[in-house]
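Colleague: prediction below, plus the sequence it came from.
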Amino acid sequence: QVQLVESGGGLAQAGGSLRLSCAVSGRTFSTYSMGWFRRAPGKEREFVAAISWIGGRTYYADSVKGRFSVSRDNAKNTVYLQMNNLKPEDTAVYYCAGGSSSTVASSYDYWGQGTQVTVSS
C-alpha cells in the first residue's frame, strides 16, 4: 500500500520561508511522479507544483513561479516543496500527491493527509 506523509508546515511571516517534505513508502519512488496541491479556506483545491520522475522535469502554477521550488531525493523517497517569499495568500492546507505530474488532481493515485501552512502579514 502506497503511503504519503507530509511534514514541515507551520506558521511563517510574510516574506519568510518554509520547506515541506513528503515521504513516500510502498512503491518504487524513483519512477513515481509527484505533485503538490493546496486548499485555502473557502476555496477549491489548486495545483501548486509537480516533478516528473523522467528527468526531474518541474511544473509550477503561475501564482508560485519564482518563489516555490519542487525537488526530489530518490535515495530518501522524499519530495520537497521549498517555499520562499511567502505571502498571506499562500495560507492553505498543502497536500502531496503521487502518480502524475499533471495539474489535474484526478490524475493522481494517492494523497497525503495534508499539512497546514499559515502566513501572517
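Modeller: Arrived safely.

Colleague: how close does the spatially most central residue of the chain sit to V119?
Modeller: Taking C-alpha atoms, centre = their mean, the centroid of the chain lies closest to W36, which sits 2.8 Å from it. Look at W36 and V119: by C-beta to C-beta, to the nearest Å, they are 16 Å apart. All C-beta atoms are positioned from the backbone trio N, CA, C, and that covers glycine.

Colleague: where exactly do the strands run in the protein?
Modeller: Here the chain has its strands, by DSSP state E, at 3-7, 10-13, 18-25, 34-39, 46-51, 58-60, 68-73, 78-83, 92-98, 110-111, 115-120.

Colleague: list the buried ones in the fourth one?
Modeller: Translated: strand 34-39. Neighbour counts over strand 34-39 (16 or more other C-beta atoms under 10 Å) mark 34-38 as buried.

Colleague: got the contact list for Q116?
Modeller: 9-10, 93-94 (C-beta atoms under 8 Å, 6 or more residues apart in numbering).

Colleague: confidence score at the nearest residue to V119 once chain neighbours are set aside?
Modeller: In space, V119 comes closest to L86 once its chain neighbours are excluded; the distance is 4.6 Å by C-beta to C-beta, 6 or more residues apart in numbering. Here, the pLDDT recorded for L86 equals 98.

Colleague: next, count neighbours for L86.
Modeller: 22 (other C-beta atoms under 10 Å).
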